[in-house]
Every structure is written in C-alpha cells, then in structure tokens.
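predicted model, plus sequence, below.
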Amino acid sequence: MPTDDLFIIKVASSVIALMVAIIGHEIMHGWVAYKYGDDTAKSKGRLTLNPIKHVDPIGTILVPVLLFIANTPFLFGWAKPVPIDMKTVIQNGGYSAAMQVSLAGIAYNLIIATFASVVLLSMSLPNTNDEMMYIFGYILLYQIIMINIILAVFNLWPIPQFDGAHFISFLGLQMGTAKIAQFYQRYEPYGMIIILIILMIPGLSSYLFMPAQWLQHALLS
C-alpha cells in the first residue's frame, strides 16, 4: 500500500475513533441523568449523534491536532460537556445516582474498547495484499481501543472538572462530609491548567497513563 494511502487511513481512523469515544462519553452522562428524571441534555439537543452538537474547539480540534502533529504515543480530547441538572438527579436517585452519572462516560469508553478488542482479535493481521477497507477497519478498531482506554483513564484522574473528581465529591457527600466537594468546587476553574502542567512535565504524564498501558496490554494480548 502506498505511504500516502496509509497516512490517510491513519488520520481518518483516528478522527472517527476519537469522535466515537468523546461523543459517546458525553451522551452517556446525559442519558443516565435522563434516566433519573433530568431532561436538560435532551431538551438542549445533546442526546444526539450529530458531532456538530458536541464539538469543543479546543478539546475536539486543537488538542488532538497538536498531539497528532507532535506524534505523541497517545491521542485524546474531549467534547463539550452535556448540561446536567445534578440537583434533579440527586433528588430522584440520591448521591448514588450522581456517582452513576459521573462514571457513565468512563463505563461507555471501557465497554466500547472491550467490544472492539473482541472483534479485532478475531481478525488476522492485515498485509499489503488485503483490501483497503479491511486495513482501514483493522486500524480503526485498534484506534478505538487505544483512544477509549486513554479517555477512560484520563477522566478517572481526581482532578477538578474531571469525572473522577465528581465521583469522589459525591462519594464524600454520601458519606456525610462536604469538605471534598467544597475543595473541588474551589479549584474547579483550575482543572485544565493542572492538566496542561501535568502534560508538560517530562515523564509525569507517562506515569499517570500507566494504567492505560496495562489495559491496552490486557485487551490486545
């Protein structure tokens, strides 16, 4: 296969896999909230597969492009967060429901990655004689596994604005302490700054993404 064709396949598969990961992640947050009586995301048209409704200029476009150009070993990004009225969720399902909403996107990413790995491992490794669509499908499945795992681990970090922090906050509230939620609320505006600092420190991001490497090895071995 010509080098140019392979490059196009890699770019296209990366874009599609990223869309599958981040859009599905956000939809699942809104869908679980909807199951607990919050129709905010649905009323605002965010429970849709239309990517335009979910695009975030920085997280969906700029960050993935910069990572791709830099030829980093991983690719990730994010979509616009779906609007959720957590008070309604808690009123109808308690803090347990709020924790489910917080982890819904991560659960989606892990399920999609697992399903893609089952399909991928049933396929033979492509070679230059295979049809382009077969090669594209193989690479797409591989990218879906990698990106969904990265996104799941990324969101589990207990950093303000991220799902892991939301889960811990609601867990603390369920256990009767508001100090954790107050701490995260205080530092909520600085979440992305913290992430950028982590990514810029040599070796630190690799250490924090180590669980992703374990999951990738488990699903691809």
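Arrived safely. Please read all numbers here as calculations on a predicted model, not as lab measurements.

any idea whether residue 133 is helix, strand or coil?
helix (DSSP: H, G, I helix; E, B strand; the rest coil).

before we move on, which element is the spatially most central residue of the chain in?
Central residue of the chain (CA atoms, centre = their mean): residue 151, 3.4 Å from the mean position. Per DSSP states H and E, residue 151 falls inside helix 132-156.

so what does the host helix or strand of residue 185 touch, helix or strand wise?
Residue 185 is part of helix 179-187, with elements assigned from DSSP H and E. Helices and strands touching helix 179-187, by 3 or more CB pairs under 8 Å, 6 or more residues apart in numbering; DSSP states H and E, are helix 163-174. C-beta: built from backbone N, CA, C; applies to glycine.

now do the helix it packs on and helix 179-187, the angle between them.
Angle, helix 163-174 to helix 179-187, by axes from the mean of the first three to the mean of the last three CA atoms, to 10 degrees: 140 degrees.

all further residue positions should be reported with the first residue as 14.
Right, with 14 as the first residue, what we last looked at is helix 176-187.

so what secondary structure elements neighbour helix 176-187?
Counting by 3+ CB pairs under 8 Å, 6+ apart, helix 176-187 packs on helix 99-134, helix 145-169, helix 192-200.

residues of that helix that come out buried?
176, 177, 178, 179, 180, 181, 182, 183, 184, 185, 186 (16 or more other CB atoms under 10 Å).

from the middle of its chain, how far away would that helix be?
Taking CA atoms, centre = their mean, to the nearest Å, one finds the center of helix 176-187 at 18 Å from the center of the full chain.

now swap in stretch 58-78 and tell me
For stretch 58-78, the distance to the chain centre is 12 Å (CA atoms, centre = their mean).

name the residues that touch it?
Residues outside stretch 58-78 that contact it (CB atoms under 8 Å, 6 or more residues apart in numbering): 27, 31-32, 35-36, 39-40, 43-44, 47, 54, 88-93, 95-96.

with stretch 108-122 instead?
So stretch 108-122 is contacted by 34, 37-42, 44-46, 49, 97, 99, 102-103, 106, 161-162, 164-165, 168-169, 176, 179-180, 183-184, 186-187 (CB under 8 Å, 6+ apart).

contacts for whatever helix or strand residue 54 lives in?
Taking DSSP H and E as the criterion, residue 54 maps to helix 53-56. When contacts are defined by CB under 8 Å, 6+ apart, helix 53-56 is touched by residues 42, 43, 44, 46, 47, 60, 95, 96, 97, 98, 101.

secondary structure element for the fifth one?
In this assignment (DSSP H and E), residue 47 forms part of helix 16-48.

distance between stretch 150-164 and the chain's centre?
The chain centroid and the centroid of stretch 150-164 are separated by 12 Å, computed with CA atoms, centre = their mean.

ok, residue 51 touching residue 101?
Yes: with contact defined as CB atoms under 8 Å, residue 51 counts as touching residue 101 (4.3 Å).

low-confidence bits of the chain, can you list those?
Low-confidence segments of the chain (pLDDT under 70): 14-17, 86-87, 218.
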